[in-house]
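Undergrad: curious how this folds, go ahead:
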Amino acid sequence: MAFTQYTNLDFEEIKVSLREYLRANSNFTDFDFEGSNLSVLIDTLAYNTYVTAYNTNMVANESFIDSATLRENVVALARNVGYVPSSRRAATANVSFTVDLGSGTTKSSVTLKSGLVALGDFANTNYTFCTPEDITSPVSDGFAEFTIDIKQGTFVTNEFVVDTSQPNQKFIIPNPYVDTSTLKVQVRDTLTSSSRKTYSQIDNIVGISTHSETFLIQEIQDEKYELLFGDGVLGKKLSNGNVINSTYIVTDGVGGNGVSNFSFSGKLVDNDGGLITSGISDVIVNQRSRNGAEVESIDTIRNLSTRVYSAQHRAVTANDYESIIPTIFPNAESVTAYGGEDSSPPQYGKVFLSIKPKNGRFISDFDKRELLDKLKRYSVAGIRQEFVDLKYLYVEVDSTVYYNTNAVANVNNLKTSIRNSLETYANSSDLNSFGSRFKYSKVLNIIDDSSSAVTSNITKVIIRRNLDVDTANFAQYELCFGNKFHNRNKGYNIKSTGFTVDGIRGVCYFTDTYIDDKTGRLIIFRLNNTGEVQIVNNNAGTVKYDIGEILIDTIRILSTIKSDNVVEIEAIPDSNDVIGLKDLYLQLSISHSNISCVADIISTGADTSGANYVSTSSFTNGSKVRGVAITDTSTISTTTTTTSSTTTSTSSSSSSSY
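TA: Numbering: from 1, shown residues only. Next up is the predicted model:
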């Protein structure tokens, strides 16, 4: 008879299938007896079948990029579409030092040799910093000055000899953790040749001819890399006896970030080749080490490989930019791009880019300039790229949690459990990116599931932007939330922390008054000693409820209650599902969220009728200000320094930077 087919991997069900098969054969009569020899054979067959089926399933999974779990398999599948994952990136620091050769010196220049430059110390760990190439500085009045970038890691050199008698000779860099951006390759004709030809690293074959001195790299097992050279048709072919010299930096990646204490350990020579050992100053740190990164993750390879392939090494659509930028700037954690036609007002012929770096809140101006230069290789003529600083949109929750007092011993432990659960969600992939979404129903479930003692919760959502003010000048501000505001026609939909304004006594606050369903008027008020509102400016700007935007007219804010010259401005979103639109980077702020616990007397059985049940409103607006209200007679204690100035500057447009 035909063997019974099965599609599961369960050991017991496989064994049942074998028993059913044997039951149909009268020659076997004792297979149902667990102590029989045949029963032992059935167990062996079932186990063998189980292992074989499991291995077959895993092999099938590893054949597709969406289901593969081993890095080398994911990398190999991405290689089929020409994608090379980003390697580790060495943290880079900018330092300066001088060399004093004496006023009577005849030397014209000083050269810092490639390799070790300085030793860094951070968090009780020592790090080496080096430079991948020689750096020469002229001597002026007996001094040579160096201001250079140094990279964390060890400078390594490898040499390969081409042997055409080996049909499949491979040139594999023997060290893992290589920063491929520091990889330099030179080729000599023979071992005795002194002249070297520098080969350029490429990532595609566009414009490559028979004589192009280029090479490619590809990742192989154990995060190592292989050098690939031309075949005489696409790129120059190497000849027998050629010598390949490769230099690169092996780095600790993200571990090298934050170093700001260095001691010089490099090798300096004068223009005559003489070694310099004295007159070297202390190392001055201009920029502590940053931008170190780990090797590209498996999830990122899955996401980017197909998208980069679809971009075909050209940036036309917004998706193309979002795919290409992570490959040329591995420190990018999240990227957003949108056309100028989607901005307000429209700016045709432009594409706006915003990047959240892995280490830090904003990318530097230097990184922006470097990226714009690299994007020229991909961009289409007539399209201009412009970087805009990302804007942080914070989501806060105000949650009243009902709990069964019989199921928890300490209410503080319950609060901690709820906060820990929300913290896990705050760090998830649902948030912390451009275009992400705060999912209200998921948050309610997270709170309910955080403890068996929780019976229900009433959770309100608040969205916040931080206004970074210019205390020295009069300025205008535009604050975009990207989400429609909930609009009560009584006003006071907008709340802010306190600040002081030029020409107005006391601590002031922003709020709004209702005009219509789409628009409100921004006003400035203060509180008298009885807590009553006193409007000091009834036309300070405009609130656009329908698009979630606040426009602040020309004003000079002298100081803020919050540190770092920040005014926190909050609103209630019209939808509890909040979206990070365009250049808004969405984050759930647990530190600014409020969790309060109320005993559920119905669940405990203390009040089964519910006559004394404490209800919580889902719609209350609360205080008219954000944070602690400061009345007119209160002492203003600011944590910022007010800039004194007797000159009134011209009005300028400014926006919140985080």
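Undergrad: quick one: the strands in the stretch 301-450 of the chain?
TA: 332-339, 350-357, 384-387, 391-403, 437-438 (DSSP state E, counting those that start in this stretch).
Undergrad: which of those sits closest to residue 467?
TA: Residue 467 lies closest to strand 391-403 among these, at 10.7 Å (Cβ to Cβ). All C-beta spots, glycine's among them, are computed from the backbone N, C-alpha and C.
Undergrad: so for that closest one, mean pLDDT?
TA: The average of the pLDDT scores along strand 391-403 is 90.
Undergrad: what do you get for stretch 357-377?
TA: Here the average pLDDT along stretch 357-377 is 81.
Undergrad: okay, buried residues for that stretch please.
TA: Using 16 or more other Cβ atoms under 10 Å as the test for burial, stretch 357-377 gives 357, 358, 362, 363, 367, 368, 371, 375.
Undergrad: and it, how far out from the chain middle?
TA: 13 Å (Cα atoms, centre = their mean, to the nearest Å).
Undergrad: in stretch 576-595, what counts as buried?
TA: For stretch 576-595, by 16+ other Cβ under 10 Å, it's 576, 578-588, 590, 592-593, 595.
Undergrad: the longest strand seen in the chain packs against which elements?
TA: Ranked by residue count, the top strand of the chain under DSSP state E comes out as strand 454-468. Where contact means 3 or more Cβ pairs under 8 Å, 6 or more residues apart in numbering; DSSP states H and E, strand 454-468 is packed against strand 391-403, helix 440-449, strand 475-480, strand 566-571.
Undergrad: ok, back up a step: closest one to residue 83 out of the buried residues of stretch 357-377, please.
TA: Among the buried residues of stretch 357-377, and counting by Cβ to Cβ, the member closest to residue 83 is residue 375, at 18.4 Å.
Undergrad: enumerate every residue touching that closest one.
TA: Residues near residue 375 by Cβ atoms under 8 Å, 6 or more residues apart in numbering: 315, 321, 324, 325, 328, 385.
Undergrad: the residues you listed in helices, which ones?
TA: 321, 324, 325, 328 (DSSP state H).
Undergrad: tell me the two of these that are most distant?
TA: 321 and 328 (10.6 Å).
Undergrad: compare those two (neighbour count), which wins?
TA: residue 321 (24 against 16; other Cβ atoms under 10 Å).
Undergrad: hang on, isn't that one packed against residue 351?
TA: Yes - taking Cβ atoms under 8 Å as the definition, residue 321 is a contact partner of residue 351 at 6.3 Å.
Undergrad: need the overlap of contacts for these two.
TA: Common neighbours of residue 321 and residue 351 (Cβ under 8 Å, 6+ apart) are 315, 337, 385.
Undergrad: ok, those residues vs residue 495, which is closest?
TA: residue 337 (32.9 Å).
Undergrad: ok so, going back, JSON lines for the contacts of residue 375, including pLDDT?
TA: Formatted as JSON lines, these follow (pLDDT from 0 to 100):
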{"residue": "315", "pLDDT": "79"}
{"residue": "321", "pLDDT": "82"}
{"residue": "324", "pLDDT": "82"}
{"residue": "325", "pLDDT": "83"}
{"residue": "328", "pLDDT": "79"}
{"residue": "385", "pLDDT": "84"}
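Undergrad: same list (the residues you listed) but as a markdown table, adding distance to residue 62.
TA: Output for the contacts of residue 375, formatted as a markdown table (distance: Cβ to Cβ, whole Å):
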| residue | distance to residue 62 |
| --- | --- |
| 315 | 33 |
| 321 | 32 |
| 324 | 28 |
| 325 | 29 |
| 328 | 29 |
| 385 | 39 |
